[in-house]
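# The following block contains a protein sequence and its predicted model.
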Amino acid sequence: MPVPDFALMIRIELGSVPRLQGQAVRQQSLWLLLRMWLAASQDGDAGWVRERELRERFAATRNLRMVISRAYADFERWGVRAGWGKDRERPLHMLPLAGRSRGPYWLAPGEAQRLEIALRGAAADAEAVALWLGLPADASATGDAQAFGEADPSYWHAWAGARRDMLDGRLIVDGGHGALAGYRHAQALASDARWQALALLQQAMVWRRAGNADAARAVLDELDRHWHDVQAPEHAWLGAMAAIVRAWCAYAERDAPLAGRILRDAVADARWTPLFEHHPRVRCEHANLQALIHRAFALDAQRPLDERRQAAETALRHYRLALTLANESELFDAAASTASNLGWSIWLFERCGLQAAGSGPHSPLTWIALAAWLSEHHGVGGGCWNSIYLLRMARGGGPDALYPDAAGFRRWPVLGSGQFRAQVAPIELRAQWSRWLDLALALQAEVDGGRLQIDALQRCNLLLEVAWYQAYEGDPAASAAAAARLRRRLRELVPADRVFFREALRRLPRA
């Protein structure tokens with residue numbers, strides 16, 4: 001076989017029998033080549049084609065990996081330089097074959113200009129190529145978005161009701177009630193792909209908040225099958241938010257490095273880069289998750305101390321940005337969550353000896369009080385993290401001794417509720433508790449009664465606070481019962497979290 005000349009023009013004729021340099025070619029390989037050419041024509045050398053688009057196009061093909069392998073073998077024979085993956089700086093011959101089937105796929109710089117494409121003897125433009133590829137008529141236009149119909153009142157009625165349920169913490173009640181059911185109903189009422197995609201994205205966020213990462217990913221996969229940002233570039237924030245939710249799922253499984261890589265890839269995606277710079281909700285969610293990832297790095301005792309301090313500074317900087325963005329956009333549920341995490345993070349860093357300059361002059365409890373005030377005044381709930389943080393901070397974490405003496409345990413200094421209110425003035429909270437145990441038991445009753453839905457990690461943390469304060473108030477039997485409930489739930493957690501709770505239970509008095 002002659003060595004391909006990579007300087008020659010490549011002539012493609014899209015007749016009834018497509019030909020390349022006068023020779024008949026494999027249709028699937030030519031389809032991928034022209035799709036990459038179209039992407040490069042739209043977005044310059046930054047354009048690429050995602051694996052999910054091939055999966056849809058060749059849905060009847062049992063082995064998509066074989067289609068891709070044959071296509072790249074054809075490209076080499078034709079003298080076309082094409083790559084895969086998101087590292088476009090690496091030389092083509094060094095790209096790992098193991099990841100090729102996952103894409104994305106792209107032409108090397110300058111390759112698109114080497115293709116001369118004709119249709120029945122006349123030069124074919126991007127619109128003609130898009131039609132030959134079977135893409136929507138507007139897929140070749142860079143700035144002409146597909147028109148979508150308006151959602152009708154019944155769609156928005158279902159969507160808004162689901163949003164209210166989500167804010168109130170009613171995530172998955174039954175088939176007809178709760179946030180998940182509401183968003184599914186909205187999806188069924190969707191008049192076109194744009195509104196269906198919006199409802200699917202919200203379903204993934206419900207599953208993520210409920211602590212079911214696998215279910216969230218399954219919904220995101222369905223979203224990928226039905227929605228492509230090229231359908232409406234002005235709605236590309238849907239794709240950006242879906243990437244953020246995937247990163248949240250990785251973080252929830254305690255894989256902070258993977259979550260960070262997903263975010264970096266999303267920010268680098270040419271379709272979404274402007275959104276991460278300007279879209280309020282995307283920026284807020286991105287900053288919040290970046291803060292969590294860097295907090296995880298800061299609390300990793302295996303890392304060098306200087307690296308941990310830098311991570312702590314970065315986490316607090318992201319939290320403050322997220323809080324600003326949430327308040328500016330009147331996303332008060334996000335603002336409450338961020339204020340809560342900011343206070344909790346400052347407290348954790350201080351306990352670990354990571355006094356970050358970004359902590360500021362305010363007590364960590366002030367941020368916890370702000371989060372509670374935002375939730376009260378704007379009618380947003382959606383969990384009990386803020387109350388868990390308050391309960392743990394009020395007791396200063398508790399004594400470190402293993403199985404401490406009950407009498408000594410009860411002498412441990414706990415911040416009184418009146419002292420707390422004095423510390424956080426002038427923020428005034430409607431909820432008043434004479435004992436922290438009353439707050440813990442009230443929350444537990446809400447959860448047990450199904451009026452508040454929280455994920456497994458929150459459930460375990462709440463049970464730990466109930467057990468701790470019952471022991472502190474001198475009720476060892478009730479404390480032992482709460483501890484036993486907690487132990488039974490540990491199997492629902494990832495291994496790293498199980499270790500934390502087992503250690504925490506050893507720091508309660510023996511029953």
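Good, I have the coordinates.
# would you say W367 is within a helix?
Yes. Counting by DSSP: H, G, I helix; E, B strand; the rest coil, W367 is found in a helix.
# ok, now how distant is the closest residue in space to it that isn't next to it in sequence from I454?
Leaving aside its sequence neighbours, W367 sits nearest to G343 (CB to CB, 6 or more residues apart in numbering; 3.0 Å). (Each C-beta comes from the backbone N, C-alpha and C, glycine too.) In this view, G343 and I454 are 19 Å apart by CB to CB, to the nearest Å.
# what's the answer for R70, then?
Taking CB to CB, one finds R70 at 50 Å from I454.
# neighbour count winner among those two?
More neighbours surround I454 than the other of R70 and I454, with 23 against 14 (other CB atoms under 10 Å).
# where does the chain have low pLDDT?
1-7, 16, 43-46, 56, 59-62, 136-148, 226, 228-234, 356-358, 382 (pLDDT under 70).
# Name the single longest helix found in it.
Looking across the chain with DSSP state H, the single longest helix is helix 305-328.
# List the buried residues for the helix or strand that that helix is followed by?
Next helix or strand after helix 305-328 toward the C-terminus (DSSP states H and E): helix 332-351. Within helix 332-351, the residues scored as buried using 16 or more other CB atoms under 10 Å are 332-349.
# which other helices and strands contact helix 332-351?
Where contact means 3 or more CB pairs under 8 Å, 6 or more residues apart in numbering; DSSP states H and E, helix 332-351 is packed against helix 280-298, helix 305-328, helix 364-378, helix 385-394.
# the inter-axis angle of the first one versus helix 305-328?
In terms of direction (axes from the mean of the first three to the mean of the last three CA atoms, to 10 degrees), helix 280-298 departs from helix 305-328 by 160 degrees.
# What helix or strand is the spatially most central residue of the chain located in?
Against the mean C-alpha coordinate of the chain, by CA atoms, centre = their mean, the closest residue is V245 at 2.2 Å. Here V245 sits within helix 237-252, counting by DSSP H and E.
# what does that helix contact?
197-198, 201, 204-205, 208, 211, 213, 216-217, 220, 223-224, 227-229, 256, 258-260, 262-263, 265-266, 269, 271-272, 275-276, 279, 281-282, 285-286, 289, 292-293, 296 (CB atoms under 8 Å, 6 or more residues apart in numbering).
# do the same with stretch 63-74
Contacts with stretch 63-74, where a contact means CB under 8 Å, 6+ apart, come from 25-26, 28-29, 32-33, 51, 54-55, 58, 61, 82, 84, 100-101, 105.
# Contact partners for P153?
For P153, no residue meets the contact criterion (CB under 8 Å, 6+ apart).
# how about a cut-off of 10 Å?
For P153, the contacting residues are L189, by CB atoms under 10 Å, 6 or more residues apart in numbering.
# what do you get for A315?
With CB under 10 Å, 6+ apart, A315 has these contacts: 290-299, 341-342, 345-346, 348-349, 354, 356, 358.
# cool, and A216?
A216 neighbours (CB under 10 Å, 6+ apart): 203-210, 242, 245-246, 248-249, 252.
# And for F297?
Counted by CB under 10 Å, 6+ apart, F297 has contacts A256, P257, G260, R303, E307, R308, Q310, A311, A312, T314, A315.
# Help me confirm that W433 is found in a strand?
No. Under three-state DSSP, W433 falls outside any strand and is assigned coil.
# From the chain's centroid, how far away is stretch 263-279?
14 Å (CA atoms, centre = their mean, to the nearest Å).
# Just the buried positions in that stretch, please.
By 16+ other CB under 10 Å, the buried positions in stretch 263-279 come out as L263, A266, V267, D269, R271, W272, L275, F276, H279.
# Could you dump those into TSV and include distance to A483?
Below are the buried residues of stretch 263-279 laid out as TSV (distance: CB to CB, whole Å):
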residue	distance to A483
L263	37
A266	41
V267	44
D269	47
R271	50
W272	46
L275	46
F276	44
H279	45
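# E473: which of those is nearest?
Nearest to E473 among the buried residues of stretch 263-279 is L263, at 43.6 Å by CB to CB.
# so which of the helices and strands packed on helix 332-351 gets nearest R430?
When these are compared by CB to CB, helix 364-378 sits nearest R430, at 5.5 Å.
# List the residues that contact the residue nearest to W367.
319, 362-371, 386, 389-390, 393.
# just L321 next, same as before
Contacts of L321 (CB under 10 Å, 6+ apart): R283, C284, H286, A287, N288, Q290, A291, T338.
# what do you get for D455?
Contacts of D455 (CB under 10 Å, 6+ apart): L171, R208, R209, A210, G211, N212, A252, G383, W385, E492, L493.
# Quick one: buried ones out of those?
Buried among those (16+ other CB under 10 Å): L171, R208, R209, A210, G211, N212, A252, G383, W385, L493.
# Which of these fall in helices?
Secondary structure from DSSP H places R208, R209, A252, W385 of the buried ones among the contacts of D455 in helices.
# Tabulate those (JSON lines), appending distance to R88.
Listed next are those as JSON lines, based on distance: CB to CB, whole Å:
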{"residue": "R208", "distance to R88": "30"}
{"residue": "R209", "distance to R88": "35"}
{"residue": "A252", "distance to R88": "30"}
{"residue": "W385", "distance to R88": "40"}
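# And those residues, which is closest to L486?
Among those, W385 lies closest to L486 (CB to CB), at 16.9 Å.
# Pretty sure S340 is one of the things that closest one touches, is it not?
Yes. With contact defined as CB atoms under 10 Å, W385 reaches S340; the gap is 5.9 Å.
# what is in contact with the two at once?
By CB under 10 Å, 6+ apart, the residues touching both W385 and S340 are A371.
# ok, now which ones touch Q444?
C384, L452, R459, L462, L463, E465, V466, A482, R485.
# actually R100, not the one I wrote
Contacts of R100 (CB under 10 Å, 6+ apart): E51, R65, I68, S69, A71, Y72, G83, W84, G85.
# One more: E307?
Contacts of E307 (CB under 10 Å, 6+ apart): F297, A298, D300.
# Likewise for W367?
With contacts defined as CB under 10 Å, 6+ apart, W367 is in contact with 319, 323, 338-347, 360, 386, 389, 424, 427.
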